[in-house]
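K.L.:
Sequence and predicted structure below; questions after.
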There are 4 protein chains.
Amino acid sequence: MKNTFGQSLSVTLFGESHGEAVGAVIDGIAPGIPVDEKEIEKQLSRRRPSSALDTARVENDEFSILSGVFEGKTTGTPLCIVIKNENTRSGDYAYGTARPSHADYAASRKYHGYEDYRGGGHFSGRITAALVAAGGILLPALERKGIIIGTHISQCGNEKDRDFDNVLSDIITLKNADFPVLDGNAKQRITDEILKAKNSLDSVGGATQTAVYGLPAGVGEPWFDSVESVLSHALFGIGAVKGVEFGLGFGFAAANGSRVNDALRVDKGRIFTETNNNGGINGGITNGMPVIFRCAVKPTPSIAKEQKTVDFIKNENTTITVGGRHDPAIIRRICPVIDSVAAIAVCDLLAQRFGTDYLAGEEPLCSSV
Amino acid sequence: MKNTFGQSLSVTLFGESHGEAVGAVIDGIAPGIPVDEKEIEKQLSRRRPSSALDTARVENDEFSILSGVFEGKTTGTPLCIVIKNENTRSGDYAYGTARPSHADYAASRKYHGYEDYRGGGHFSGRITAALVAAGGILLPALERKGIIIGTHISQCGNEKDRDFDNVLSDIITLKNADFPVLDGNAKQRITDEILKAKNSLDSVGGATQTAVYGLPAGVGEPWFDSVESVLSHALFGIGAVKGVEFGLGFGFAAANGSRVNDALRVDKGRIFTETNNNGGINGGITNGMPVIFRCAVKPTPSIAKEQKTVDFIKNENTTITVGGRHDPAIIRRICPVIDSVAAIAVCDLLAQRFGTDYLAGEEPLCSSV
Amino acid sequence: MKNTFGQSLSVTLFGESHGEAVGAVIDGIAPGIPVDEKEIEKQLSRRRPSSALDTARVENDEFSILSGVFEGKTTGTPLCIVIKNENTRSGDYAYGTARPSHADYAASRKYHGYEDYRGGGHFSGRITAALVAAGGILLPALERKGIIIGTHISQCGNEKDRDFDNVLSDIITLKNADFPVLDGNAKQRITDEILKAKNSLDSVGGATQTAVYGLPAGVGEPWFDSVESVLSHALFGIGAVKGVEFGLGFGFAAANGSRVNDALRVDKGRIFTETNNNGGINGGITNGMPVIFRCAVKPTPSIAKEQKTVDFIKNENTTITVGGRHDPAIIRRICPVIDSVAAIAVCDLLAQRFGTDYLAGEEPLCSSV
Amino acid sequence: MKNTFGQSLSVTLFGESHGEAVGAVIDGIAPGIPVDEKEIEKQLSRRRPSSALDTARVENDEFSILSGVFEGKTTGTPLCIVIKNENTRSGDYAYGTARPSHADYAASRKYHGYEDYRGGGHFSGRITAALVAAGGILLPALERKGIIIGTHISQCGNEKDRDFDNVLSDIITLKNADFPVLDGNAKQRITDEILKAKNSLDSVGGATQTAVYGLPAGVGEPWFDSVESVLSHALFGIGAVKGVEFGLGFGFAAANGSRVNDALRVDKGRIFTETNNNGGINGGITNGMPVIFRCAVKPTPSIAKEQKTVDFIKNENTTITVGGRHDPAIIRRICPVIDSVAAIAVCDLLAQRFGTDYLAGEEPLCSSV
């Protein structure tokens, strides 16, 4: 449903880059979940521009919770969180000259010129701040139930990080990292890659890898509400994401079944698979192993180099040199966004499976590997 | 909603591999669409096992339309199509010993042992026959409106086909091909790859590439109903699909913006992009270029080699040699399934955008490139 | 979603009066629910024409379950049930002359002449057979959890039945009654009322009253998924239903708060209300008292008297004397339909509240009054 | 979906009576619709307490639009409107003693004590301010397309207003009335009825009647998305509404078909019905006549008389005399709420039928009677 995701837990997004505010309404959160503004602030700070690698537009992300929290806990009714916009420079934008690979032209065909085009309007990455704020509530709630989510930069340009190995300790590493990578050397290599793009007035793409640890087996549905369907639906909501793969993903294309089938074993009564090439999902349903997926992230389309484009009002060819303040890469800042989107989708899946009180208490939902 | 996909046009799947029938209810088809049983049969025959490359279980796919068609045309009310199961050998299956990388174990955690486990039950690829039957109605309907869809084997094992180039003529090539590839030499190479797997009692994975030509610009929604979200949601409903990418997809990870941004041009009043790295979608909305995506397809998990597994009833380690009749690769047979799933998702997007009568008449919906 | 109702448990209807079959796909039933064909047959027989009070078109309602049941129990995957049409006389109908108060004209504006008009097509009461078949599965499943549903004829023409009093014993009375009334004398009075209409070549309307006993408190949502919203949405799906009221309903209009507020009391630890004017629902959420509602049922529009109408093809005035075989009143036959629709809505509400396994086991879901 | 209504146009509600604000996110409004803050203010003022007939809690209803409007027009992306709470006196409320016929006890079973109980929290009529604000945008937008909606007090206690007669001029009368009745004498009679209740420390119920004029024929769906289903779903979201009937509604129960069937006629090429007992809907689909419905509204449960109740924390019997500031009747203030809810439902139905641009331009959508 357009800007609403989720059936049992749902998130509705609103806001434009240069409007008054961005925000989200989260409905269907179990009642009694602690809401700690410091946790929200912590997630928002992970997304915030913080160095020469990021845009010069810095927001304080001052937020307020308008509803749904009472005496520090969720009420179970809709929680509206609003984040003010500041530090906008609308003069940087004009209507009609499409920025290549941005939504400008496509949006004009849908909204007939009524769209708020300033700073990308509703299509701006700015709206992801609202997603991350939601994550600031849901991620700690999931952790109390033993479900822990982490995302690292898997690739950026030609540089790669290592894959998840010991999932739980890797996620804990990420929680304490100032730069979301697993391999100690990757930070420098990736930083250099981004600076290289920046110095060439260019941008660079990347890929992320995410693990969801602690999900019980038996969650999800066959066919159209497979865990893959639900997660990908939410993840492709992020404009920069152009690919999603689970487990081996496209690596399956060249593989033989005998090599990539995940052998099952039982040890001390617990069933697990020796490998996890299926990323914790079989037939659309969790098997108790960590859910593992990758997202492809396209390079920021805004670059300071001159590009060919059209003026879609005058219907004529022209060129553009995108001004404004932009990230040479969003691969670092997208990691907390993906964590949050994954948390939203996981909460919805759990609410479908276990009902309204899915997050109550602190014991694990079920045994999981 | 579980086994139902779509908001304005929806498809509800039912059936099990060894039950009486599989089928689908399609609701929200525009009224007055011709339904030609030969077209349905043609699509079903594209999916049917046909050679040494495929399973020995052959179905006639005898279908009947129970509702929603009157005097050869859709009525606009729900169309139920039922395909009988035949040629089942349930003796090939027993409950408790999980086939590795199949849904057996995950399903048992969700359905508590009540699932119909014979032949994979509701998780069987057999259910895709119902999707393909739906495609036999929707694909010709879309073609009448100038929207044409084609899927080819992009990769199988170590062999690759070339990518879409001249999209329209490539799709026409595929419509007339007995083996869904674009490069004339690819058929032999891929056939050999599959036979190699078969002869090793093994299976092999692959990837597909799909093009949707003729979609007008301005279809889809920002954020949670992006065209990517809607398509991937439907595509990941297919159990074997483990990755979906649009345009360059994971190829964006190593790319610079200056290289992969799609420059816009106008020619004789029509706006297009010189390249189509974004796969026809910006900000979740179509830009009038062909929508291009790839799916990763895992190797058939059923192989005749012995594998380690568990008996999840006895909770003990064991081994399995999967009997039954299986495909060494499903990459050929999945192409019409993906065409059909894409048609379903596209019809839903069009119905949302243009209303109930979205497929009426024969003129193109709007200008597109 | 058009012909699909429900979020966690959903029912998708299909079929036309004179087509091959009518049926339903039920998705989201908890796994392990016994499916007894005799119970389905029993519900269908309650709906079947059985006397001079009903239409002369008699169907055997031969049904088959195509999927979703294995070894006598629900699998948890979609259950498709199909009921063949027989005894159709399409010659009774012609296109263009609208039957007053039927859907003929409205449907022609929506479906542009492509609708199957024979016998009302998809708008026919015949489709309710599929709803009743669903009830044959869900009603016994709810009973095993202590939730029991009953509907009686509250009014027919100028004759009335008494209201529910001791709800549980009244429902049990209805389960064993051959004519759904609570007052022993009402059967004869209502029968006479219907025969009077029949003998005048006329039809007569009515109202039903339904009780759902045993629902735990705390089910439903504030605002748009109130129990009233969900139930009325489903009930108004039945074409003949033109009003739905809960508890006192329209009786509230003339009442003072002091008279109709439901005083709460506690006895032996159980909280209840002394009266139940709110019909078991406050703020959209169950309070543990029986849910009580009434439906207004319009007279069968088909009557053998001449009526003024239009031919909407020729766009000219004309008259019609509706032939075919029709019920002088459907008020008796609609009772099992309403039971079934209530069961569907209740199961959906329970699945939302308690998750996928909401109907497992046989203990009550929670304490209720 | 809980606090979200609508498929193609949707409204998501949030807020509590004594929280910071109440509000709504409206998604799927067609782009380019003028948004006039004076119209919003006008609707809000219709709902605002204004005399001795209403609560003494007066709000200024200061609102701000956070998103979705650009240069005075809708963008087509989500519109978030927030209305601040003021003038709250939380000291008036304490937790545990259930106010009879309020949601207090039911909510405690659902939210386990985490609900914001102050002033009824999320169950408060205060939230309807957000619905009315939405109406302030949608009602004028519909009027530009020739669709005009009006609601009057049909009954209050023992006093009645006359029914709609000449629908269009009656609605215009209501638009200009300071008290929503059609019969010139009804204002005084109803005012007296309310004051009588007030002076007895009591409250009184009522009923409303609404007309939607100008809807084209062919809108809505058979079965589960009937116009009745969609409207009643939305209307029963309002906590005080306990009954909804279309056209004759419960009046059908005592009627014969020959008397209440709506004869069709054609005049100057336009088809209409001589009577409108079906309230403009046949088989769930509009027939081009005005859509007419009534809502039953229960007396405000808050009364200053002592009532029997329970303390559901201590689980013991007690009494309550409801303090706070309350309306002796909400029947006047609910009229603009129902207008707004009807507008929301109608916009959703139109968007489903005609697509995203359903409200663009100013010509009527189609011919209607």
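P.N.:
Yep, that arrived. Just so you know, these numbers come straight off a predicted model, no measurement behind them.

K.L.:
can you give me the helices for chain A?
P.N.:
Ranges of helices in chain A, per DSSP state H, are A:37-47, A:104-111, A:128-144, A:167-175, A:186-199, A:227-235, A:257-260, A:334-354.

K.L.:
Please name the residues that touch the closest residue to chain C within the stretch 1-150 of chain A.
P.N.:
Residue nearest to chain C within the stretch 1-150 of chain A: A:Gln7 (5.9 Å; Cβ to the nearest Cβ). Heads up, the C-betas are built off the backbone N, CA and C, glycines and all. Applying Cβ atoms under 8 Å, 6 or more residues apart in numbering or on different chains to A:Gln7 gives the contacts A:Asp348, A:Ala351, A:Gln352, B:Met1, C:Gln7, C:Ser8, D:Met1.

K.L.:
Count the residues that sit near the third one.
P.N.:
The one in question is A:Gln352. 27 (other Cβ atoms under 10 Å in any protein chain shown).

K.L.:
Distance-wise, check it relative to C:Leu9.
P.N.:
11 Å (Cβ to Cβ, to the nearest Å).

K.L.:
So which bits of the stretch 51-200 of chain A are right by chain D?
P.N.:
A:64-68, A:70, A:73-80, A:82, A:110-116, A:121-122 (Cβ under 8 Å from any Cβ of the partner chain).

K.L.:
rerun at 7 Å
P.N.:
Contact residues (Cβ under 7 Å from any Cβ of the partner chain) of the stretch 51-200 of chain A with chain D: A:66-68, A:70, A:73-78, A:80, A:82, A:110-112, A:114-116, A:122.

K.L.:
Counting neighbours, which of the residues you listed end up buried?
P.N.:
Burial by neighbour count, 16 or more other Cβ atoms under 10 Å in any protein chain shown: within those this picks out A:66-68, A:70, A:74-78, A:80, A:82, A:110-112, A:114-116, A:122.

K.L.:
Sort out for me which of the residues you listed are in strands.
P.N.:
Members of those lying in strands (criterion: DSSP state E): A:Phe70, A:Thr74, A:Cys80, A:Val82.

K.L.:
thought the third one was touching A:Val69?
P.N.:
Spelled out, that is A:Cys80. No - at 9.7 Å, A:Cys80 and A:Val69 do not qualify as touching, with contact defined as Cβ atoms under 7 Å.

K.L.:
And stretch A:352-361, how far out from the chain middle?
P.N.:
The chain centroid and the centroid of stretch A:352-361 are separated by 23 Å under Cα atoms, centre = their mean, to the nearest Å.

K.L.:
make that stretch A:223-230, sorry
P.N.:
Worked out by Cα atoms, centre = their mean, stretch A:223-230 lies 18 Å from the chain centre.

K.L.:
Show residues contacting it.
P.N.:
With Cβ atoms under 7 Å, 6 or more residues apart in numbering or on different chains as the test, stretch A:223-230 has contacts from A:219-220, A:246, A:281, A:284-286, A:291, A:345, A:348-349, B:1-5, B:13, B:233-234, B:236-237.

K.L.:
Let's see that with 8 Å instead.
P.N.:
So stretch A:223-230 is in contact with A:219-220, A:246, A:281, A:283-286, A:291, A:345, A:348-349, A:352, B:1-5, B:13, B:122, B:127, B:232-234, B:236-237, B:239, B:241-242, going by Cβ under 8 Å, 6+ apart.

K.L.:
go on, stretch A:171-186?
P.N.:
For stretch A:171-186, contacts defined as Cβ under 8 Å, 6+ apart pick out A:148-153, A:159-165, A:170, A:187, A:190-191, A:211, A:213, A:332, A:335.

K.L.:
at 6 Å what do you get?
P.N.:
With contact meaning Cβ atoms under 6 Å, 6 or more residues apart in numbering or on different chains, stretch A:171-186 is reached by A:Ile148, A:Gly150, A:His152, A:Ile153, A:Asp161, A:Arg162, A:Asp170, A:Lys187, A:Ala211, A:Tyr213, A:Cys335.

K.L.:
give me every residue that touches A:Leu142.
P.N.:
Taking Cβ under 6 Å, 6+ apart, one finds A:Ala343 in contact with A:Leu142.

K.L.:
do the one 10 residues further on as well
P.N.:
Under the criterion of Cβ under 6 Å, 6+ apart, the contact partners of A:His152 comprise A:Asp161, A:Leu174, A:Pro180, A:Val181, A:Leu182, A:Gln209.

K.L.:
May I have the beta-bridge partners of it?
P.N.:
Judged by DSSP bridges, the bridge partners of A:His152 are A:Gln209.

K.L.:
does chain C sit close to stretch A:341-360?
P.N.:
Yes - judged by Cβ under 6 Å from any Cβ of the partner chain, stretch A:341-360 comes into contact with chain C through A:Arg353, A:Phe354, A:Gly355, A:Thr356.

K.L.:
dump the residue contacts of the second one.
P.N.:
Shown in contact with A:Phe354 (Cβ under 6 Å, 6+ apart): C:Gly355.

K.L.:
same thing with the first one?
P.N.:
When the contact criterion is Cβ under 6 Å, 6+ apart, the partners of A:Arg353 are A:Val219, C:Gly355, C:Thr356.

K.L.:
where does the residue of the stretch 101-250 of chain A found nearest chain B land on pLDDT?
P.N.:
In the stretch 101-250 of chain A, the residue found nearest to chain B is A:Ala103; the distance is 2.5 Å by Cβ to the nearest Cβ. The model reports A:Ala103 with a pLDDT of 97.

K.L.:
Neighbours of the closest residue to it other than its chain neighbours, how many?
P.N.:
Nearest residue to A:Ala103, sequence neighbours excluded (Cβ to Cβ, 6 or more residues apart in numbering or on different chains): B:Gly283, at 2.5 Å. By the criterion of other Cβ under 10 Å, B:Gly283 has 27 neighbours.

K.L.:
wait, isn't A:Leu350 in contact with A:Tyr358?
P.N.:
Yes - A:Leu350 sits in contact with A:Tyr358 when judged by Cβ atoms under 6 Å, with a separation of 4.4 Å.

K.L.:
how about the residue of the stretch 251-369 of chain A found nearest chain B, what does it touch?
P.N.:
Nearest residue of the stretch 251-369 of chain A to chain B (Cβ to the nearest Cβ) works out as A:Gly283 at 2.5 Å. Residues in contact with A:Gly283 (Cβ under 6 Å, 6+ apart) are A:Pro222, B:Ala103, B:Ala106, B:Phe123, B:Gly239.

K.L.:
And for the first one, the neighbour number?
P.N.:
A:Pro222 is flanked by 28 other residues according to other Cβ under 10 Å.

K.L.:
residue contacts, it?
P.N.:
By Cβ under 6 Å, 6+ apart, the neighbours of A:Pro222 are A:Gly283, A:Gly284, B:His122, B:Phe123.

K.L.:
quick one on the thing from earlier: max pairwise distance over the contacts of A:Gly283: which two?
P.N.:
Distance extremes for the contacts of A:Gly283: the farthest pair is B:Ala106 and B:Gly239 at 10.8 Å, using Cβ to Cβ.
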